[in-house]
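In: sequence below, structure please.
(chains A and B)
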2 protein chains.
Amino acid sequence: MSARGRLTMLVVFFLPLLHCVLLEGAEGAPWFWRWPPIGGGGGEDPYCLSWRVMVEANNAKGWRRVPAPCIGYVRGYMAWGQYYRDVGSVADQVAAYAAQIVPTADGLDAWVFDVDDTCLSNQPYYQAKQFGAYDPVAFKMWASRGVCPGIPAMQWLFQTLRGRGFRVFLVTGRDEETLASSTVANLAAAGFFGYDRLIMRSASYRGQSSVAFKSAVRRQLVAEGYRLRGNMGDQWSDLQGECVGDRVFKVPNPMYFVP
Amino acid sequence: MSARGRLTMLVVFFLPLLHCVLLEGAEGAPWFWRWPPIGGGGGEDPYCLSWRVMVEANNAKGWRRVPAPCIGYVRGYMAWGQYYRDVGSVADQVAAYAAQIVPTADGLDAWVFDVDDTCLSNQPYYQAKQFGAYDPVAFKMWASRGVCPGIPAMQWLFQTLRGRGFRVFLVTGRDEETLASSTVANLAAAGFFGYDRLIMRSASYRGQSSVAFKSAVRRQLVAEGYRLRGNMGDQWSDLQGECVGDRVFKVPNPMYFVP
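Out: Now for the predicted structure:
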């Protein structure tokens, strides 16, 4: 092939690819092609942004892992600021709603918080696993270390609600028998103290769906006389079922899906 | 410009774009729903992106108008492509879910669609109003003109579901007495024909909330024996209440909130 032919090949086939990569930040693109991250990792990939919004709106269900083209996107979203901004916006929204409620003197106005990725972040674990599919053994090892960072906006919200006189119940699908002590220690280290009860999955609820287990827990709380004013979770399965509370708030989480 | 100059322009500017478009098409929906492939008003403002995701996840409720700092953002989101990409993603998701259902021969497998900003777009109206607060008189004038553009991905989804043997019911809070003829004509002009019934708000439901009116309509359909396999709407009030259907899908809409 002539030099001119090679040049034409280059222009026609190579440059368009480079063009796409630079504009779109295709799968596996080095981070510096995405730099600066416009919106802190939130909006530079239109396909993955659509997918993330579908997850938050509960349109995308039953997915087992982050779509391959969105692994880099989710890493950027979680690490570069937009995730923390989104959690902060939700916390502001909750605080504004809670400010309209005056807890009564009987001390029965209550709030329900999920634990994983509502109070404590598993982002370091999922990032190390390349946002791969759920691995119960590896996740249990991670959780048993008790080193999940607290999510600052939720820690602020938790203490704000406590300070306003609400009782707070932490309800988690974590296994009580094996993870109780590490979870209690992790919560305390992350600034979550003063909650009323930490309710974990006991042996009798093993194998039950998250919706069934959490509905049973909330039903019990309501039977005890508590008024569930709000319910916060990073999974829609935290927020659906029975006795969901007066208002539910979805905390963002594009890392995994719990049915 | 010389012929060679024009050729160079073509190669350097046009072919790369074409290339991107062709690559994008691999994701499922036709490429033109995903146009333009770059950003498109989705993520360039982190605050407004947070707000929009809160709207879609039903965390932000009861707002009367787009927050002032986000008016330009919403205009860009609606007009520059990300909205159409998001709607296309939802339509893909619905079609994938519907593909798992085999409608039975009794002809009672049904789908519910909302009309405004689910089938027909009010974007031209709200853009002209600077995404301001709801103005019932002006909105009725706009709707009575019958010129709302159809939303292409929803028109495709509507015909796909019809073609698969589902009945489709259109349920809208629009006033039956004053807007029936313009709505019927608008739907036909926008490619929505072959639906089973268009159910509008009759005089007896005037003043009732959207949730109450739409729940009553769906309860009636279920009483008639229909199995509501899916329910699509741009407002959470379309998707909550009674007989919501086996699965609900939230169509994006950051322009207004219907309680």
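In: what about the helices in the stretch 151-259 of chain A?
Out: With DSSP state H, counting those that start in this stretch as the criterion, the stretch 151-259 of chain A has helices at A:152-164, A:176-189, A:210-223, A:236-239.
In: what's the last one packed up against?
Out: Other helices and strands packing on helix A:236-239, by 3 or more C-beta pairs under 8 Å, 6 or more residues apart in numbering or on different chains; DSSP states H and E, are helix A:210-223, strand A:227-233, strand A:248-250. Heads up, the C-betas are built off the backbone N, CA and C, glycines and all.
In: for it, what is the distance to the chain centroid?
Out: Its chain's C-alpha centre and that of helix A:236-239 lie 12 Å apart, by C-alpha atoms, centre = their mean, to the nearest Å.
In: got it, and stretch A:250-259?
Out: The chain centre lies 5 Å from the centre of stretch A:250-259; the measure is C-alpha atoms, centre = their mean.
In: what does stretch A:143-154 give?
Out: The answer for stretch A:143-154 is 12 Å, by C-alpha atoms, centre = their mean.
In: please see if that stretch touches chain B.
Out: No - using C-beta under 8 Å from any C-beta of the partner chain, stretch A:143-154 stays clear of chain B, with a minimum separation of 11.4 Å.
In: rounded mean pLDDT for that stretch, please.
Out: For stretch A:143-154, mean pLDDT rounds to 98.
In: list the buried residues in it.
Out: Neighbour-count burial for stretch A:143-154 flags A:143-144, A:146, A:148, A:150-151, A:153-154 (criterion: 16 or more other C-beta atoms under 10 Å in any protein chain shown).
In: show me which of these is closest to A:P69.
Out: A:I151 (26.6 Å; C-beta to C-beta).
In: identify the residue spatially nearest to that closest one, adjacent ones excluded.
Out: A:S121 (5.2 Å; C-beta to C-beta, 6 or more residues apart in numbering or on different chains).
In: is it true that that neighbour touches A:V147?
Out: No - using C-beta atoms under 8 Å, A:S121 makes no contact with A:V147, being 10.4 Å away.
In: just for the stretch 1-150 of chain A, where's the confidence low?
Out: Filtered on pLDDT under 70, the stretch 1-150 of chain A yields the residue ranges A:1-43.
In: rerun at 90
Out: Scanning the stretch 1-150 of chain A for pLDDT under 90 picks out A:1-44.
In: got the residue ranges for the helices in it?
Out: Listed in chain order, the helices found in the stretch 1-150 of chain A under DSSP H, counting those that start in this stretch are A:3-9, A:15-24, A:46-56, A:71-79, A:82-98, A:123-128, A:136-145.
In: buried deepest among the ones you listed, which one?
Out: Neighbour counts (mean count of other C-beta atoms under 10 Å in any protein chain shown) averaged over each of these peak at helix A:46-56, with a mean of 24.
In: quick one on the thing from earlier: what's the neighbour count on the residue nearest to A:I151?
Out: The number of residues packed near A:S121 is 24, by other C-beta atoms under 10 Å in any protein chain shown.
In: do A:Q208 as well
Out: Neighbours of A:Q208 under the rule other C-beta under 10 Å: 14.
In: widest-spaced pair of the buried residues of stretch A:143-154?
Out: Across these, the longest distance by C-beta to C-beta is 25.8 Å; it joins A:S144 and A:A153.
In: reformat the helices and strands packed on helix A:236-239 as JSON lines; add mean neighbour count.
Out: Formatted as JSON lines, the helices and strands packed on helix A:236-239 follow (neighbours: other C-beta atoms under 10 Å in any protein chain shown):
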{"stretch": "helix A:210-223", "mean neighbour count": "18"}
{"stretch": "strand A:227-233", "mean neighbour count": "23"}
{"stretch": "strand A:248-250", "mean neighbour count": "23"}
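In: got JSON lines for the ones you listed, with distance to A:Y47 too?
Out: Formatted as JSON lines, those follow (distance: least, C-beta to C-beta, whole Å):
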{"stretch": "helix A:210-223", "distance to A:Y47": "28"}
{"stretch": "strand A:227-233", "distance to A:Y47": "26"}
{"stretch": "strand A:248-250", "distance to A:Y47": "22"}
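In: mind checking which of the ones you listed is nearest A:R162?
Out: strand A:227-233 (13.0 Å).
In: can you give the distance of the closest one from its chain's centre?
Out: That offset, for strand A:227-233, works out to 17 Å (C-alpha atoms, centre = their mean).
In: mind checking if it is in reach of chain B?
Out: No - using C-beta under 8 Å from any C-beta, strand A:227-233 stays clear of chain B, coming no nearer than 10.0 Å.
In: which secondary structure elements does that strand contact?
Out: Applying 3+ C-beta pairs under 8 Å, 6+ apart, one finds that strand A:227-233 makes contact with helix A:82-98, strand A:109-113, helix A:210-223, helix A:236-239, strand A:248-250.
In: contacts for it next, please.
Out: Strand A:227-233 is contacted by residues A:94, A:97-98, A:101, A:108-114, A:118, A:154, A:157, A:166, A:218, A:221-222, A:238-239, A:243-251 when judged by C-beta atoms under 8 Å, 6 or more residues apart in numbering or on different chains.
In: quick one: strands adjacent to that strand?
Out: Its sheet considered, strand A:227-233 pairs with strand A:109-113 (parallel), strand A:248-250 (parallel) by DSSP bridges.
In: which of those strands sits closest to A:K61?
Out: Here strand A:248-250 is closest among the strands paired with strand A:227-233 (C-beta to C-beta), at 13.4 Å.
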